[in-house]
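J.: Sharing a model prediction with you, sequence too.
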Amino acid sequence: MQRNLKINMRLVPPRRCVFRVRRRLHQIAAVQPRPHLQHSPIVYDGSTTLEKQLQTLHNITWNIISTAQSAEYTPEPVSVAYSDDELQTLYHDLIRTDSPSHDVCTPDSKETIIEADFAALQRIAIRLTPTATIPDDTGNSLTRRLSVRREGATTPAPPLVRSGRTHHHVLDLMESAITKLQALVASVDTAYPKVDHQPTPALATIVSTAEWLAVVRSCVYENDIDAAERTILLMQKAGLTIPEEAVNHVLGVYASKGDTTRLESLMHRTLSKGPPTETQRDLHVKAHLVRASRHTPSGLPDLVNSTHPVFPTGALDVLHNYEASGHFAPIKSYTRTISALFNVQTHPSSDPRLGQSAARAHAWDLFAHMRYVAHPTPDAYLYAMMIRACGSAGGHVEPERALDLWTEMQENRIEPTRGAYEAIVLVLGRAGKGWLSEGMRLAREMREKYPERERNQRRMWCALLEGCKRVGDLNRARWILAEALRSNTPEEGSNARTSDVDAKMLTHIFHTYASYKPPFSRSATRLLDPASHPNATGQSEANASQPEPPPLPDHLRVDSTPTFPPLPPQTPSDILAEVQALFDRILRDTNSNTNLPRPDQGTDVDDPLAGKFANIELDSALVNAYLSVFYVHATIEHSIEVFRSLFGKSSQSRMLQGDAHTYLDALERCAVAKKEERGVVVSWAREVWAEWEKVEARAGSEGYNDVGRWARMVERAHAAMRRVLLLNEDVDGALSLLRTFVDRYPPKALSVSSSLPSTLTTTPSHSMAKPLVRLTSAVGPKDDRVPPIIGFSDVELLHHRLVALRRTKDVGYVKWVCEAYKGLLKKRRERVLKGAPRCTDAEVDDVD
């Protein structure tokens, strides 16, 4: 045993050890009989890697000895077939402790483990099932009973049939055996109380630790967690040391389900002798995070089937409790918690004090706190996540902070991963002009560092398109689209090859078309000097006076195969034609996914884009991006025609369901209509406003009135509709709309506010479970539960029209509305910062 331990302690033997082994083999051959060996090489029946290597080593030994014996009868020297290096490699492979490359876990390994566990259950059942029929003592003589035993009147144990109750049968046998053995031990202690013996755990020599683990795994595979926990308690009852792997199996299931009660109960019963390990601490934190992520709002009938992640207060308490005990959670636990904080969304059913802004601020505070208390150097994954958070779509983009983290990661000699490169490029792209070139440089650096073309690059394409659409770089966006369509990569877990293009990427493409400014504009054409170009004067005036030709009808425009020439579109008409061709290609490829009308196409054989968008999901965001191109580059009549073809009532097929952004974008397009377009706009605006009222009423019934992002959308929609009415000289309609807004969202709604919880206050304290180091400013996170309000800029045009009409009473009402919202908003801010209680009704009435 000691010799084996010494061999296992040395992973790579020195060369002199190999020479010594070889010399010993020749010494063995010298004492053998002269004839050749009569024994053939041993063939092992097992199929494991270790047994195969043992067989190979034995065969090599047999060949060496045979060659050494033959050398004495052969006049010519015989060379050995195996060199010293080969023997050293074989010896290294035999005693290695890590898994060989061909033993890496594969999809079939789980099935192999299940089969091995079932075989272990069979062995336990055969071992514990009674195999002899022993007659009762009543009416039988001792001679008869002994003859029955001697003659072997036994019945074999029935074979174990695989079913969902197999593990229950084995557990019953094990529990019965434990009970009998414990009773036997107790009887021996009673009969011989003075005998000094070491207490031997029951079933210690009958069921091995590996078999106990097999029973636990079988229960987990059958999704019977009660049986798995029963197995652990049986081990505890038998007096065995519970393996950590067995406890982790059960804790992992509880953590994945977010069952914190049963997880903590099991930890309390099985881990009373010492602190939990790092894995168990991580599972404890994970359970609280899963529970917070699966929060189901109550009282909202339309949202009962949806879940919304809430502020993970329980996970933060667990982290700080482990810090107080001196047993820090691993860094991946902090990474899980920070990721959960970044995913928190403001929801009506959540705590008003713990919304998205508070969660994002606390995530940065926890990052700084972790580096000060537990783990000074983050890993690559945590760095990538914090860099990506610098470019959050819902917050302020911070490219400087992202570059600081990027530089710090390299100074700490942490190799940037693909995710880190994608994160920094995303932040630089969202930062807009001035940062996109640096993002392109880092993207090229990543492609040189990770040249695998079989990897899906969708995230990198989307990160670059974030910058293209902000600067209107259509040429680069078209190149990215072409590269994405050209590189077809298989999805994970599937052999089918799909393109890198998805709905999100096409949304960015359409936004780039909308922000692109064509180089040629007919209205910006300059006339030539008549004196120097007399022949061109008439032609220039004629061309300038002619209006821009209307777009082609649909049946003419879509019959042509969509082509994308190397030169980007030069006029708004070229932009619309290219966008229309791309969108029609998407409609044809998603024919089985939507019922939108299709253009009549005879064949797609000559179309190079045919089938490239078959996996695209036609959602509202993609259609809204498509409409935004027409809002910018097309006339109002053309925009209305396209909108009604997708969402209007005149279509003969089922239309797409518009969302809040659909109607908000249409209203804001109406608000900036030119003077000659106002007559056409007002009727369409009233039609869109009727649909918006339905969306707003539904959101109000679900409690979204004071959710920050929705509240800001309500303000924009009402301001756009008031402007449309005022541009069409409907002052009374705009004033009535203002009164409706005030009645629906009164100023007194601003008085409902709460102070920040203790974990989010910026006051230093070492006695509370809160971050000791903060990155949040002393002002604290912004309040994202402010209901819709009215500012003077929202009603400035209405105020001017009322002053011009000398309607003094209505002017006073507009001023009162602005001052009421302003005063109560100021008091709300003071209460949030100072932690004061809510305003009384008298304070609300005092606002002038």
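T.: Yep, it's here.

J.: quick one, strands of this structure?
T.: Applying DSSP state E to the chain gives strands spanning 488-490, 497-499.

J.: Lowest average pLDDT across those?
T.: With a mean of 52, strand 488-490 has the lowest mean pLDDT of those.

J.: show me where pLDDT drops low in the stretch 101-250 of the chain?
T.: Residues of the stretch 101-250 of the chain that meet the criterion pLDDT under 70 lie in 101-109, 130-164, 189, 191-205.

J.: got it, and the stretch 701-848 of the chain?
T.: Scanning the stretch 701-848 of the chain for pLDDT under 70 picks out the ranges 752-770, 778-780, 834-848.

J.: got the contact list for the closest residue to Asp589 other than its chain neighbours?
T.: Distances taken as C-beta to C-beta, 6 or more residues apart in numbering place Phe613 nearest to Asp589, at 4.1 Å, with adjacent residues excluded. (Each C-beta comes from the backbone N, C-alpha and C, glycine too.) Phe613 sits next to 499, 501, 506, 585-586, 589-590 when contact means C-beta atoms under 8 Å, 6 or more residues apart in numbering.

J.: wait, which of these is closest to Leu735?
T.: Ranked by distance to Leu735 (C-beta to C-beta), the contacts of Phe613 are led by Leu506 at 42.3 Å.

J.: For stretch 166-184, output the C-alpha coordinates as CSV.
T.: In CSV, the C-alpha atoms belonging to stretch 166-184 read as follows (Å, rounded to 0.1, in the frame of the first residue of the first chain):
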residue,chain,number,x,y,z
THR,A,166,-36.9,1.5,-8.1
HIS,A,167,-35.0,3.8,-5.7
HIS,A,168,-37.8,3.6,-3.2
HIS,A,169,-37.5,-0.2,-3.1
VAL,A,170,-33.8,0.1,-2.5
LEU,A,171,-34.2,2.7,0.2
ASP,A,172,-36.8,0.5,2.0
LEU,A,173,-34.3,-2.3,2.0
MET,A,174,-31.5,-0.1,3.3
GLU,A,175,-33.7,1.4,6.0
SER,A,176,-34.8,-2.0,7.1
ALA,A,177,-31.1,-3.2,7.3
ILE,A,178,-30.1,-0.2,9.3
THR,A,179,-32.9,-0.7,11.8
LYS,A,180,-32.0,-4.4,12.2
LEU,A,181,-28.3,-3.8,12.6
GLN,A,182,-28.9,-1.0,15.1
ALA,A,183,-31.1,-3.3,17.1
LEU,A,184,-28.4,-6.0,17.0
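
J.: can you list contacts of that stretch?
T.: By C-beta under 8 Å, 6+ apart, the list of residues contacting stretch 166-184 from outside reads 118, 121, 124-125, 128-129, 160, 202-203, 206-207, 215, 218-219, 222, 224, 227, 230-231, 234, 237-238.

J.: Model confidence for the closest residue to Tyr383 other than its chain neighbours, exactly?
T.: When the adjacent residues along the chain are set aside, Tyr383 lies closest to Met409, with 4.6 Å between them (C-beta to C-beta, 6+ apart). Per-residue confidence at Met409 stands at 96 (pLDDT).

J.: now do Thr49
T.: Looking at Thr49, its pLDDT reads 56.

J.: Val310 now?
T.: pLDDT, Val310: 84.
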